[in-house]
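Novice: Kindly return the folded structure for what I paste below:
(4 chains)
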There are 2 protein chains.
Amino acid sequence: MKLTPPAKHTLDEALTRAGQRTTRQREHVFSVLLDKRDHPTADEVYVRARSTMPAISLATVYNCLETLVSAGLVRQVNIEREPSRYCPNLQEHAHFHDQVSGRVFDIEVPSDFMAGLMQLLPAGYEAEHIELSFHGKTAATKSKN
Amino acid sequence: MKLTPPAKHTLDEALTRAGQRTTRQREHVFSVLLDKRDHPTADEVYVRARSTMPAISLATVYNCLETLVSAGLVRQVNIEREPSRYCPNLQEHAHFHDQVSGRVFDIEVPSDFMAGLMQLLPAGYEAEHIELSFHGKTAATKSKN
DNA sequence: TTGATTTTTGGAATCATTCCAATTATTTTG
DNA sequence: CAAAATAATTGGAATGATTCCAAAAATCAA
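Specialist: I've put the predicted structure just below:
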C-alpha cells in the first residue's frame, strides 16, 4: 500500500532516468505490483489499485504499467494471447504457465544459462531478449502465485 | 496451390484421427501454409487463400487454422501480443522475432536441448510444451521468412 | 503566480478473434 | 440412390483487451 523507502528510491530514479515524473498513481501501481508478487493482469492491478485509490482509472493503470515497463521497473509477460501480465521480478527468469489454473509461476534460471541459449542463434542474429516459457500442469498447484 | 500426395495423406490421416472431415477449405488453407514457409497471420493466410479460392471467408480461415492446429498439423505461434502466426514446421524449434521488420524466423534447436530445459523445473512442475523465443535484430534481415 | 508541459481521466475507437444462426456440404442409413 | 443426420462454411454481429482522444487536473519551470 505504501512504498518502502528503497523501493520509492528505485522508482524515482528509474522514472527520472526515463524522463518521466513520479506521480501518485505511478507510485501506487508500482506498490500494488510489489505488494503481491504474482502476475496480475492490468485489470487485476486495476481492481487492487482501486481498493486504496478509488478514483484511479483503468486508462491510468494501463498508462502507469506501460511507463513502469519502459522505465525497466516491471516486466510485461505475455502468455499465448491472454491478457498481458505484469511482474516486478527483474531477475532474468522463465515462466511456467499452469494450463489448469491459468496461473503463472516464476522459474529461476542460472544466470549463465540464458547466455548459453544465445549459442543456438546462427550468425547474424542478435537477440537482446529471450523469452522462455513452460506450459503444463503442476503437481497440485500448491504455491501461491 | 495443390497438396502433394504425401501432404494430402498426412492431412487426411491427421484429420481423421481427430475425428474431423477433410474439406476443400481445410486442404486449401493447409496448402497455403505449406506453400510459403513463413509465419503468416490469419489475415495473411486469408489473403493468400482467396487468391485461388475467392469465396473463402475469414471465419473459415480461422476455423481451418484452429482445426489444423488441434489436429497437430500446424503450430500456432504467439509473439508478444501480436496477431497469432501459423507455421507448418512441426519439428521442435525456437523462434527469432526481428524487432525491426516484425518477421519471425525458425531457429533450430538440437532435439535433446529442449529436454535439457526441463531440468530447470522444480519438482511438481510438468511441462508438456516449451516455448522459446528470441527478440532482437538480424544483421541485415537478409533471408526470406 | 503564470505559463508550459505532463498526466490523468472517461469514453469512444480499434482490432484480432469468437460467436451465431442460416445455408451448404458431406456422410450415413434405409 | 434418396432422405435424414451431422458437420462445416459463411457474413455479420459481438466480444474483450488495449489504445486513442480531447478535456480537466497536476506538476514543473521561470
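
Novice: For the most centrally placed residue in chain A, list each beta-bridge partner.
Specialist: The centroid of chain A falls nearest to A:Cys87 when counting by C-alpha atoms, centre = their mean (1.9 Å). Legend: beta-bridge partners of A:Cys87 under DSSP bridges are A:Arg75.

Novice: how about the residues of chain A near DNA strand C?
Specialist: By C-beta under 7 Å from any atom of the strand, the residues of chain A that approach DNA strand C are A:20-21, A:23-26, A:55-60, A:63-64, A:67, A:81. Where C-beta positions appear, they are placed from N, C-alpha and C, glycine not excepted.

Novice: Name the residue most distant from the centre of chain A?
Specialist: No residue in chain A sits farther from the centre than A:Ala123, which is 31.0 Å out by C-alpha atoms, centre = their mean.

Novice: ok, now which ones touch that residue?
Specialist: Residues in contact with A:Ala123 (C-beta atoms under 8 Å, 6 or more residues apart in numbering or on different chains) are B:Ala139.

Novice: which of the residues in stretch A:55-66 are buried?
Specialist: With burial defined by 16 or more other C-beta atoms under 10 Å in any protein chain shown, the residues of stretch A:55-66 counted as buried are A:Ile56, A:Thr60, A:Val61, A:Tyr62, A:Cys64, A:Leu65.

Novice: Let me know the closest of these to DNA strand C.
Specialist: The nearest member of the buried residues of stretch A:55-66 to DNA strand C, counting by C-beta to the nearest atom of the strand, is A:Thr60 at 2.9 Å.

Novice: The closest one touches A:Arg24, doesn't it?
Specialist: No - A:Thr60 is not in contact with A:Arg24 according to C-beta atoms under 8 Å; the separation is 10.1 Å.

Novice: Check which residues of the longest strand along chain A are buried.
Specialist: Assignment by DSSP state E gives strand A:125-138 as the longest strand of chain A. Neighbour-count burial for strand A:125-138, with 16+ other C-beta under 10 Å as criterion, is recorded at A:Tyr125, A:Ala127, A:Ile130, A:Glu131, A:Leu132, A:Ser133, A:Phe134, A:His135, A:Gly136, A:Lys137, A:Thr138.

Novice: Check what pLDDT the last one gets.
Specialist: What that stands for is A:Thr138. You'll see A:Thr138 listed with a pLDDT of 92.

Novice: who's in contact with the residue nearest to A:Thr41 when sequence neighbours are not counted?
Specialist: Counting by C-beta to C-beta, 6 or more residues apart in numbering or on different chains, A:Thr41 lies nearest to A:Pro83, which is 4.3 Å off, once chain neighbours are set aside. Applying C-beta under 8 Å, 6+ apart to A:Pro83 gives the contacts A:Thr41, A:Ala42, A:Asp43.
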